[in-house]
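Asker: 3D, please:
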Amino acid sequence: MTADADSGLELTELAADRALLGRTSTAERVAGILRERIAQGFFLPGVRLSEERIGNALGVSRNTLREAFRLLTHERLLVHRLNKGAFVRVLSAADIADIYRVRNLVECAAVRGLEEPPYPLEQVAGAVTAGERAAEKNEWNDCGTANIHFHQALAGLAGSERTDDLMRGVLAELRLAFHVMDDPRRFYEPYLSRNREILTTLEDGDAAGAERMLGFYLEDSRRQVIEAYPEQDG
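Answerer: Model prediction:
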């Protein structure tokens with residue numbers, strides 16, 4: 001897995017993100033764009049990120065881009081290889097197990113910490129609906145993105161910017177595992193109804209029930225990914 005991210009499609013899409021930088025371009029904003037693109041699968045695990053091409057696409061300096069790469073390396077989305085450059089990270093099975101430990105701690109705690117209903121579920125509901133619509137169109141990568149947004153929204157119920165930042169990195173890292181799977185439908189379709197059930201339970205004001213459901217959900221997902229992933233590992 002050492003292909004360069006040099007194809008026209010990725011760079012054309014990335015150039016469209018240039019407008020997001022505005023006049024106050026910073027390494028953090030560049031890192032945010034690249035983080036989202038990595039999560040979406042535009043840059044796949046094992047791909048080398050070309051400083052020149054990406055810098056030109058975004059219209060940023062090499063120093064700014066290198067700082068963005070450093071931030072994403074700290075977030076475990078990239079790895080730096082001496083004299084070779086920055087590469088999108090390839091996860092190990094141990095990485096995946098650790099990611100699920102963090103998810104269980106954060107997502108379940110966010111639901112457990114809810115006080116009196118009704119709960120602010122707009123983002124959760126929007127993600128559930130987006131996932132169902134993507135599945136109806138057989139757009140399974142979009143379904144995966146909606147699923148990530150669902151879990152980000154659950155963590156967001158904690159009302160903590162620090163939790164939000166943490167989960168953005170954790171969930172983006174998890175997407176690296178799914179990007180090397182051959183059949184995304186297999187991993188996303190079974191959870192559509194479970195997402196809906198968790199939402200409905202929260203709408204009914206039963207946070208304790210939703211937390212129990214989420215705990216079983218995350219354990220089932222962890223086991224499923226771990227069982228399938230070693231075939232792709234390395």
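
Asker: so which residues make contact with the helix or strand harbouring Arg29?
Answerer: According to DSSP states H and E, Arg29 maps onto helix 27-40. For helix 27-40, contacts defined as C-beta atoms under 8 Å, 6 or more residues apart in numbering pick out 10, 13-14, 17, 20-22, 43, 49, 54, 58, 60, 64-65, 67-68, 70-72, 75, 77, 88, 141, 145, 148, 168-169, 171-172, 175-176. For glycine as for every other residue, the C-beta is placed from the backbone atoms N, C-alpha and C.

Asker: just the residues you listed: which are in strands?
Answerer: 49, 88 (DSSP state E).

Asker: stretch 172-180 - what's its average pLDDT?
Answerer: The average pLDDT within stretch 172-180 is 87.

Asker: now Val124: how far from Phe150?
Answerer: Counting by C-beta to C-beta, to the nearest Å, the gap from Val124 to Phe150 is 6 Å.

Asker: now Gly215
Answerer: From Gly215 across to Phe150, the span is 16 Å (C-beta to C-beta).

Asker: the more surrounded of these two?
Answerer: More neighbours surround Phe150 than the other of Gly215 and Phe150, with 26 against 15 (other C-beta atoms under 10 Å).

Asker: so what's that one up against?
Answerer: 124, 127-128, 131, 195.

Asker: averaged pLDDT, the helix or strand hosting it. What do you get?
Answerer: Following DSSP H and E, one finds Phe150 within helix 140-156. Across helix 140-156, the average pLDDT comes to 94.

Asker: again with stretch 17-25
Answerer: 59.

Asker: follow-up on the earlier one: and which of the contacts of Phe150 is nearest to Ala207?
Answerer: Val124 (12.3 Å; C-beta to C-beta).

Asker: Gly156 versus that closest one, what's the distance?
Answerer: With distances taken as C-beta to C-beta, Val124 is found 8 Å from Gly156.

Asker: between those two, point out the one with more neighbours.
Answerer: Using other C-beta under 10 Å, the more surrounded residue of Val124 and Gly156 is Val124, with 24 against 18.

Asker: contacting residues around that one?
Answerer: Counting by C-beta under 8 Å, 6+ apart, Val124 makes contact with 150, 153-154, 157, 199, 202.

Asker: where does the chain have low pLDDT?
Answerer: Where the chain drops to pLDDT under 70, the residues are 1-10, 19-25, 230-234.

Asker: my guess is Tyr188 meets Asp142, correct?
Answerer: No: between Tyr188 and Asp142 there is no contact under C-beta atoms under 8 Å: 9.6 Å.

Asker: domains for this structure, by residue range?
Answerer: 8-88, 93-231 (automatic domain parsing).

Asker: ChimeraX command to pick out the buried ones of the contacts of helix 27-40?
Answerer: To isolate the buried subset of those in ChimeraX, counting by 16 or more other C-beta atoms under 10 Å, use the following:
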select :10,14,17,21,43,49,54,58,60,64,65,67,68,71,72,75,77,88,141,145,148,168,169,171,172,175,176
